[in-house]
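1. Could you look at this predicted model? Sequence included:
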Amino acid sequence: MQMSTPKAGAPAHNAGAPAAVELRGITKRYGSIVVCDDVRLTVHRGEIHGLLGQNGAGKSTLVKILIGLAQRDAGEILLEGRTVDISDPLAAADLGIAMVHQHFSLVEELTVWENVTLGEAGRPDARRTRDLVRDIGLRYGLDVDPDARVEDLSTGERQRVEIIKCLRRDPSLLILDEPTSVLTLAESRELFTVLRHVAQGEGKTVILISHKLDEILSATDHVTIMRSGRIVAQRATAATDERELAREMVGRELSKWVAASALGDSDALIDPSLSTDPAMLSPVEPIHEDEFPVRLRIHEARVSRDGRPLLQGLSLDLRAGEILGLAGVEGNGQQVLGDLLSSLVELDSGTVEMDGVALATGRPGVMHMAGIGVIPEDRHASGCVLDMSVAENLVMSTVESVARRGFVSRKAIRANAERLIEQFEIATPSPDTPMRQLSGGNQQKVVLARELSLNPRVLVAAYPTRGLDVGAIEYMTERLHDAAASGIAVLLISTELEEILTLSHHIAVIHRGSIVGQMRRVDVDAERLGLMMGGQVV
Amino acid sequence: MIESLALILASSLRLATPLMFAGLGEYMAEKAGMINISIEGMMLAGAFSAILGATVTGSPVLGLVFGILAGVMIAFVHATFSYRLTVNTYVVGLTLNLLVLGLTSFLLDTLDLADSQLSKFEIPFLSDLPLVGQAVFNQRWPAYLLWILIPTVWFVMYRTRWGLDMRAIGENPAAVDATGINVLKRQRQGLLLAGAFSGLGGAYLSVAEVGLFNQNMTAARGYVVIAAVIFGGWTIKGTIAGCLLFGAADAMRLALPALGFTLNAQLLIASPYILALVALVVFARRSRAPAAYGRPFVRGLT
Amino acid sequence: MPARWVGVMSTIGLYALSIAVALGLAGVLVSLTGASPLDAVQAIFQGSLSDASALGLTLDKAAPLLIVAVGTCVATSAGLFSIGQEGQVVIGATVGATVAIYLHGPGPLVLIVTLFGAALGGAAWAAVAALLFYWRGVPVVISTLLLIYIAYQVVFYAVTQPWFLMETGRNVAAPQSDQIRPDAWLPRIGEYPGLNFSLMVVIAVVLAIGTKVVLDRTTWGFRLRMLGLNRNAARRAGVSAVLLGSGALMISGAFAGLAGGALLTGGNHRLQPGISENVGWDGLLVALVARNNPVVAIPVAFFFGVLRAGGGFLASTGVPRYIVDVVTAILVLAVVFPPAYQYLRREARARRLARSLAKAGGSA
């Protein structure tokens, strides 16, 4: 836990000047759990500082303390050498701290300039704000039309608006929380160019929170690694490599595939020379195309809502025993595809067939009865009922199996729960515990256990590891493999290329509601995959 | 024929005026995502208090002020319960409506109320226009306030920061909260304003249009106003159009028998409600409701 | 655990205070009429609880409220906020009256078909709201409200049409229907002068308990609760939100319609425009106060019944009967206030604590 001094390769700092941000012994507890433990951190003006750590490592709490959404229990915050007290988000804004959240907080119905001026004082001045949006756009390379409605903008453009909202207050410290999860590769690169300009050109300080190693390595000057609420290492980015970062972040040597997948290192997954490394044993055995029958066939599926096309002739074959990874940038139709296979959406045209038999779309329960299990992308919103017990959540879709003559048997619910809790290693105080009290990983296990307990023929897993820590990711990875090995056709929907590369036998790329290309896992070429995700047919 | 048309027009406008006052208030509340059920109670309280105020002070103008204050008072109770204490807004709104209905009926039996009516004001020359002259330019004078209030409401909603906040809250309260704006406070303010407008609408009904107070005088006009806002697709123009339409339906109820049409009386009385339902069926999907419409804002829930 | 005791005591104290304020307000209103509030309380007691016949009246008044409330609990469990029970009560009574007057046959059979028809009528009225909601997205709250005022005119229409339900040989001054056959009246339990009440009281209690069991223990109730707690998750689990939601709304309507049938066959024995006596509105309030628990609704409905039975007696002392409506509404507000207030207090305290800790941490 040594404070690192700037090393070669990092921008030079005036040794005499106070640091832009200095945290001294920040500690934060929730009940008996220490989420930040004596955190000491120094960030200098003009640098991009990476904050790296797994989910639950304490980085988001630390940032919440910095922007006034949480209060520290002990320790000191210094900005430019002065001790400050950040009691709420407004105080943070006054001190020149701004944050770009992972989930945008934009009002879709309003225009860009209205969003930018929201939350300020005084009469909204349309002309001045428009000019300001254009000025900031020119200065930082953030091009966006101030009069466009936010709902008409692409994700990348929305993030630009979000950043303009921050820069417009001329902050001295800009914090970005996992900013690239919604961006294409090209958009991510653009973002880092902007950040470089913000830091070096304008002399501001940037803190970049991420769990992706390659991002940290390519975009930051310094990196601080957190694990279990503590700072475990601080390095000049130029003086470290991903193997070291990975080790520090997780605290042990990982099976390299999991490491590469969980930590966002796609190069290691693709580079064939690494595959010969015995430590790099691939869990993906190539399979032959015609070896397994087509189980689920989606043909020319078209869906539109409010006149906006969501699926535009999407066709996809899913074979028994294989994992098909559906790669793509968020918002290209993944969600509606998941909804389609959950019977929530009716097709305008096209068909869905299971083993050659057409299924009615949009009729509740049909997909389910046909043997399609779904792990939805948002567990809280639609995967489980938080105010019902774990046991009840485990029988949500099969309540008949625990009922006699229409009456639910509490004994049967409990027996079923106890069996699944043991089988899927769900950590819960009791089967009757409300779902709300479980950790994210365990909630996900409940959903997985329920869907697999139905002996599905097809399993759709949408972002199955999102928000989970490494241990839970390893668990999910294994379970999905087991599922495929047992003959289930698995459709893996994810925006994380690494996850798809680790798990899939086949990869399909979705863009604007249709499949723009498919390839076998063994034939993957990173450049081509990136281009396809950007919408280019190659 | 022209004459009876002019009469129907005049009575449509007269009957639509209280709806338009309340409609402007309801429009603002709904823009901020609130379905303000207690508007019925606000209007009824306004109608009663206006006559009460006029009786006590002897001045129907002060009665109008009493009516506005009564609407604000109901709004204050509703706002405190639902947008400070976060009790379900329908529960509170409905209870308030029953409370006001009971209370005004009780007080009507208990107190001696005088009849009192505001004077008409005829605008010279313009009132001589054929067909519309008498309808539009010879009204009880508070009706002319609409000419000021309608553009004012537009200005407030679309040109001030408060209006921007309100519109944003109706779409995405969590995002507004993140910018440091107190969402519940804005909603309370919006509700108070809706209370003032609805109180004025109720007061106009009693102290201007009719000149006395009857038991349950508003008779669900508040709910018709809610329907008018939805019918209007959450625009000011549309809301006003909706109010005029429902006012016209009400006028037909009175005019058709007078014109010699024999239509069933009950059908005529029910016609504004039926029309409102039909309008909802046609328009509820066509236009875009505020995204957070009718959903309470709770911090930390997305 | 003294801290816990303090918590419990302060909760009880808060409820007591809030109800006391509500009753105080009511007292002030009563004084306005020149009557003494104490006399008013005594009058209410005399009219509702003082002897067996008063108690019987209270039970009779409580039964339809309870039936409406139980139906409301079903709709609310499915996450639907319907407030049109009043209209469904009225339509139920109208359909019931039509059956009772036009159907020939043995009395008990007519009674059963009458009640069944009343329930069906209420369900059909609710089905309109369900249809508009799932077909066109019309908010249930608004459509059910508007349907009430249409329903009022339907009854009025029915009892003013000679070919329909208008009283034979009467004129339009006080429109009402003929009296229904005495052998199709709801039987009464208990003999005068002992405790004497309508069979509907028994039916209401059975329905309340039965509904509780159905909601808690059956697969249908399970799905319904799932739908109410998380619509998206329920739909993914194969629940048809449209079918189940409409079903819940219609059951709620059927209960309200049944209450209308009970008012007809157990009360006036003829259809009148004012037959509902606001039972729909107050039944809804019972469900709200009982927090959508059908069994809790039993004592709440009884209490409302006390107010209603006493209110009739009160009117004879010169206090307008509307005071009962006022007291009811104020009491509802008094009952929802304490939990909300405590919640807010807890939040504020947590924030203050966090802030003071932050200050202490900063200076350390």
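-> All right, it came through fine.

2. Run through the stretch 51-200 of chain A and note the low-pLDDT ranges.
-> A:55-56 (pLDDT under 70).

3. Show me which residues of it are close to chain C?
-> A:70-76, A:83, A:85, A:87 (Cβ under 8 Å from any Cβ of the partner chain). Every residue, glycine included, has its C-beta placed from N, CA and C.

4. go again using 10 Å as the cut-off
-> Neighbours of chain C within the stretch 51-200 of chain A, by Cβ under 10 Å from any Cβ of the partner chain: A:65, A:68, A:70-77, A:83-88.

5. Could you tell me which of these count as buried?
-> For these, a burial check counting by 16 or more other Cβ atoms under 10 Å in any protein chain shown picks out A:65, A:68, A:70-77, A:84-86, A:88.

6. Out of the residues of the stretch 51-200 of chain A next to chain C, list just those in helices.
-> A:Ile65 (DSSP state H).

7. Where do the helices of the stretch 201-302 of chain B begin and end?
-> Ranges of helices within the stretch 201-302 of chain B are B:221-231, B:236-258, B:265-283, based on DSSP state H, counting those that start in this stretch.

8. returning to what we had before: so of the buried ones among the residues of the stretch 51-200 of chain A next to chain C, which two are at opposite extremes in space?
-> A:Ala74 and A:Asp88 (19.1 Å; Cβ to Cβ).

9. before we move on, back to that, I'd like the buried ones among the residues of the stretch 51-200 of chain A next to chain C laid out as JSON lines, including distance to B:Met73.
-> Formatted as JSON lines, these follow (distance: Cβ to Cβ, whole Å):
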{"residue": "A:Ile65", "distance to B:Met73": "43"}
{"residue": "A:Gly68", "distance to B:Met73": "37"}
{"residue": "A:Ala70", "distance to B:Met73": "39"}
{"residue": "A:Gln71", "distance to B:Met73": "38"}
{"residue": "A:Arg72", "distance to B:Met73": "44"}
{"residue": "A:Asp73", "distance to B:Met73": "44"}
{"residue": "A:Ala74", "distance to B:Met73": "48"}
{"residue": "A:Gly75", "distance to B:Met73": "49"}
{"residue": "A:Glu76", "distance to B:Met73": "49"}
{"residue": "A:Ile77", "distance to B:Met73": "46"}
{"residue": "A:Val84", "distance to B:Met73": "44"}
{"residue": "A:Asp85", "distance to B:Met73": "40"}
{"residue": "A:Ile86", "distance to B:Met73": "40"}
{"residue": "A:Asp88", "distance to B:Met73": "32"}
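
10. Can you name the residue of chain B nearest chain C?
-> B:Gly102 (3.0 Å; Cβ to the nearest Cβ).

11. ignore the last one, the stretch 251-400 of chain A
-> For the stretch 251-400 of chain A, Cβ to the nearest Cβ, closest residue to chain C: A:Gly365, 3.1 Å.

12. my read: that residue touches C:Arg235, true?
-> Yes: when contacts are counted by Cβ atoms under 10 Å, A:Gly365 is listed as touching C:Arg235 (9.3 Å).

13. Tell me which of these two has more neighbours.
-> C:Arg235 (22 against 16; other Cβ atoms under 10 Å in any protein chain shown).

14. thought the more buried one was touching A:Arg363?
-> No: in this structure, C:Arg235 is not within contact of A:Arg363 by Cβ under 10 Å, at 11.2 Å.

15. residues shared between the contacts of the two?
-> The contact sets of C:Arg235 and A:Arg363 overlap at A:Ser343 (Cβ atoms under 10 Å, 6 or more residues apart in numbering or on different chains).

16. Neighbours of C:Val206, how many?
-> The tally of other residues near C:Val206 (other Cβ under 10 Å) stands at 10.

17. quick one: which helix or strand includes it?
-> Using DSSP states H and E, the element containing C:Val206 is helix C:199-217.

18. Show me what that helix is packed against.
-> strand A:407-408, helix C:52-77, helix C:107-136, strand C:188-189, helix C:219-229, helix C:241-263, helix C:297-315 (3 or more Cβ pairs under 10 Å, 6 or more residues apart in numbering or on different chains; DSSP states H and E).

19. one more time with 8 Å, if that's ok
-> Under the contact criterion of 3 or more Cβ pairs under 8 Å, 6 or more residues apart in numbering or on different chains; DSSP states H and E, the helices and strands touching helix C:199-217 comprise helix C:52-77, strand C:188-189, helix C:219-229, helix C:241-263, helix C:297-315.

20. Next to chain A, which bits of the stretch 151-300 of chain C? Give me the list.
-> C:217-220, C:222-223, C:225-226, C:229-230, C:232-241, C:243.

21. Would you check that B:Trp141 makes contact with B:Gln117?
-> No: under the criterion of Cβ atoms under 8 Å, B:Trp141 is not in contact with B:Gln117, lying 11.4 Å apart.

22. for chain C, where's the lowest mean pLDDT among helices and strands?
-> helix C:322-363 (a mean of 77; mean pLDDT, DSSP states H and E).

23. what's the angle between it and helix C:297-315?
-> For helix C:322-363 against helix C:297-315, the angle by axes from the mean of the first three to the mean of the last three Cα atoms, to 10 degrees is 130 degrees.

24. The closest residue to chain B within chain C - nearest residue in space that isn't next to it in sequence?
-> Proximity of chain C to chain B (Cβ to the nearest Cβ) peaks at C:Asp325, 3.0 Å away. Sequence neighbours aside, B:Gly102 is the residue nearest to C:Asp325 in space, at 3.0 Å (criterion: Cβ to Cβ, 6 or more residues apart in numbering or on different chains).

25. Could you do A:Met369 as well?
-> Of all residues not flanking A:Met369 in the chain, C:Gly238 sits nearest, at 7.3 Å (Cβ to Cβ, 6+ apart).

26. Roughly how far does the one you found sit from C:Thr219?
-> Per Cβ to Cβ, to the nearest Å, C:Gly238 is found 12 Å from C:Thr219.

27. got the contact list for C:Arg188?
-> C:196-199 (Cβ atoms under 8 Å, 6 or more residues apart in numbering or on different chains).

28. no wait, C:Ala301
-> C:62-63, C:65-66, C:69, C:204, C:283, C:286.

29. Provide a list of residue ranges in the stretch 251-400 of chain A with pLDDT below threshold.
-> In the stretch 251-400 of chain A, residues with pLDDT under 70: A:252-291.

30. rerun that using 50 as the cut-off
-> A:272-283 (pLDDT under 50).

31. Those residues of it touching chain C, which are they?
-> Counting by Cβ under 8 Å from any Cβ, the stretch 251-400 of chain A sits next to chain C at A:342-344, A:364-365, A:368-369, A:374, A:376, A:381-388, A:392, A:396-397, A:399-400.

32. So between B:Trp141 and B:Gln117, which is more surrounded?
-> Neighbours were counted for B:Trp141 and for B:Gln117 using other Cβ under 10 Å; B:Gln117 has more, 17 against 13.

33. didn't the more buried one look like it was pressed against B:Leu205?
-> No: between B:Gln117 and B:Leu205 there is no contact under Cβ under 8 Å: 11.5 Å.

34. Tell me the helices and strands packed up against the helix or strand containing B:Trp147.
-> Following DSSP H and E, one finds B:Trp147 within helix B:145-159. Judged by 3+ Cβ pairs under 8 Å, 6+ apart, helix B:145-159 is in contact with helix B:2-31, helix B:161-171, helix B:236-258.
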